[in-house]
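Colleague: pasting the sequence and the predicted coordinates here, then a few questions.
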Amino acid sequence: MLTLKPKHLTLVMFLVLGLGYFSAMSNLEVNYFLKSLIVLMPIQVGAIIYITYLRWSRR
């Protein structure tokens with residue numbers, strides 16, 4: 001039987017989340033410029049959360 005390690009489970013979860021996000025953004029019918037801004041927003045928020053976590057973990 002196949003067992004998933006926590007690292008692989010996390011990767012699978014992010015893969016499914018990314019596929020769902022890509023599907024939602026593909027079907028979104030808005031201006032191309034706004035669509036590009038909306039697509040990059042979660043990446044920017046994730047980067048801010050990651051950098052904030054690294055700074056707080058140093059203290």
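Modeller: Happy to help now that I have it.
Colleague: next one: the top helix by length along the chain to chain centre, how far?
Modeller: For the chain, the longest helix by residue count, based on DSSP state H, is helix 32-58. Distance of helix 32-58 from the chain centroid (C-alpha atoms, centre = their mean, to the nearest Å) equals 9 Å.
Colleague: cool, and stretch 7-18?
Modeller: On the basis of C-alpha atoms, centre = their mean, stretch 7-18 sits 10 Å off its chain's mean C-alpha point.
Colleague: show me what counts as buried in it.
Modeller: By 16 or more other C-beta atoms under 10 Å, stretch 7-18 has no buried positions at all. The way it works is simple: take the backbone N, C-alpha and C, and place the C-beta from them, glycine included.
Colleague: tally of neighbours for residue 39?
Modeller: Residue 39: 13 surrounding residues under other C-beta atoms under 10 Å.
Colleague: which of the helices or strands spans the nearest residue to it once chain neighbours are set aside?
Modeller: Using C-beta to C-beta, 6 or more residues apart in numbering and skipping residues adjacent in sequence, the residue nearest residue 39 is residue 25, 5.4 Å away. Assessed by DSSP states H and E, residue 25 sits inside helix 6-26.
Colleague: show the average pLDDT along stretch 34-47.
Modeller: For stretch 34-47, mean pLDDT rounds to 85.
Colleague: check which residues of it are buried.
Modeller: Going by neighbour count (16+ other C-beta under 10 Å), nothing in stretch 34-47 comes out as buried.
Colleague: CA atoms of it as PDB?
Modeller: Extracted C-alpha coordinates of stretch 34-47, given in PDB (Å, rounded to 0.1, in the frame of the first residue of the first chain):
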ATOM      1  CA  LEU A  34      -6.400  43.300 -14.300                       C
ATOM      2  CA  LYS A  35      -6.200  39.500 -14.800                       C
ATOM      3  CA  SER A  36      -2.400  39.600 -14.700                       C
ATOM      4  CA  LEU A  37      -2.500  41.600 -11.400                       C
ATOM      5  CA  ILE A  38      -5.100  39.200  -9.900                       C
ATOM      6  CA  VAL A  39      -3.000  36.200 -10.900                       C
ATOM      7  CA  LEU A  40       0.100  37.500  -9.200                       C
ATOM      8  CA  MET A  41      -1.600  38.600  -6.000                       C
ATOM      9  CA  PRO A  42      -1.500  35.200  -4.100                       C
ATOM     10  CA  ILE A  43       2.200  34.800  -5.000                       C
ATOM     11  CA  GLN A  44       3.000  38.200  -3.500                       C
ATOM     12  CA  VAL A  45       0.900  37.600  -0.400                       C
ATOM     13  CA  GLY A  46       2.600  34.200   0.100                       C
ATOM     14  CA  ALA A  47       6.100  35.800  -0.200                       C
END
